Every structure is written in structure tokens, then in C-alpha cells.
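Q: Build the 3D model from these lines:
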Amino acid sequence: MVTAIVIPVILLYFYLITKKEMKVQDTKWLSLENIPQEAVAVGEIKSIYEEKQRYYYHRYIFVQEIKLQTKSQQVTVKKITPLTKTTKIETFKVGEFLKVYGCWESSQLVFSHFERIKKTAAFNRPLFLLFPLLNKVLCIILLEYSYTKMGKIFI
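A: From the prediction side, this is the model:
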């Protein structure tokens, strides 16, 4: 008679504890998208690693690790997206320029918000290659300078 009462009470108790824990884990899982924007990194994508990981029982996350080449160093940035039925996964390409907003966790910048930066092919070129006329003028000035300093030059 005691077991007929105690066993259902124990089962109900563990069911309620499990239900409460699942609610807590669901809120943590959904909050992975909301990362504070404390730091900014701007750079070119050098490599991308994407992976689907289990977060908690039937909850999954999509992790994208990107290596950004900034002006001074190479930074590893990570985008964590909880996978729901309505989740749209962002795609990145090697060579794109990104500006990411996030916070530092150990040696990685975890981000949720980013902007794509459009760079022209002329962005990284030296100034004298951008302007052909300026290039010709500089060559003439250099030739005249060398002619006056060193004598005749045969070209």
C-alpha cells in the first residue's frame, strides 16, 4: 500500500525537476543569440569552420568559427546560432570583409551581429598604381632627377 503511494510521488517529483531544468536550459539555449556588443573586429575572412553541435538533449546549436585577418593580427571569431525551425543560417565566404560586434571569451571573440564591408579591388593597391597619369609624372620626375645628378642615362 505504501509503495502504491510513494512510487508515483517520486516519479512526479523527478518529472517536475526535469521539466524545470529543461525550461532553464531552453532559456539559456535561446539566449546564445543575444551576445553583448562590447568589442569590434574588422578584417578579411581567411578560413571558415562550421559545425552542428548538441547543446542539451534535443537542442542543437550551429557553430561557425572564422579566422579574420585584421591589420595587425589574425583573430578567431565565433558565431553561435541556436537551431530552431525558423533559424536562418548566415553564409560566409573566404575573402569577404566583415565587421563583427561581440564579446571576448578566452581567446575568441564571440559575436552575434556583423556587417559585411564591400572592398573594391583598388582598396589595397598603392597610390601610384591607382592613378596611371600620376605614375607617368613620377617616372618623368625621377628620370630628370637622375639625369641631372648622374649624367646621361640610356634607356
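Q: pLDDT-wise, which helix or strand of the chain ranks last?
A: The weakest-scoring helix or strand in the chain, judged by mean pLDDT, DSSP states H and E, is helix 127-130 (a mean of 49).
Q: Within the sheet, what are the partner strands of the longest strand belonging to the chain, with directions?
A: The residue-count maximum for a strand in the chain (DSSP state E) belongs to strand 39-56. Strand 39-56 has its sheet partners listed here by DSSP bridges as strand 59-69 (antiparallel), strand 97-105 (antiparallel).
Q: average pLDDT across the first one?
A: In this case it means strand 59-69. Across strand 59-69, pLDDT averages out at 94.
Q: Can you list the buried residues in the helix or strand containing residue 15?
A: Per DSSP states H and E, residue 15 falls inside helix 2-30. Applying a neighbour-count criterion of 16 or more other Cβ atoms under 10 Å, one finds residue 29 buried in helix 2-30. Placement of C-beta: from N, CA and C, glycine included.
Q: try stretch 32-50
A: Residues of stretch 32-50 classed as buried: 32, 35, 41, 43, 44, 45 (neighbour count, 16+ other Cβ under 10 Å).
Q: can you tell me which of those lies nearest to residue 93?
A: Minimum distance to residue 93 across the buried residues of stretch 32-50 is 6.9 Å, recorded for residue 45 (Cβ to Cβ).
Q: Spit out the contact partners of the closest one.
A: Each residue near residue 45 by Cβ atoms under 8 Å, 6 or more residues apart in numbering is listed here: 66, 67, 68, 92, 93, 94, 95, 96, 97, 98.
Q: That's all I had, so thanks and see you.
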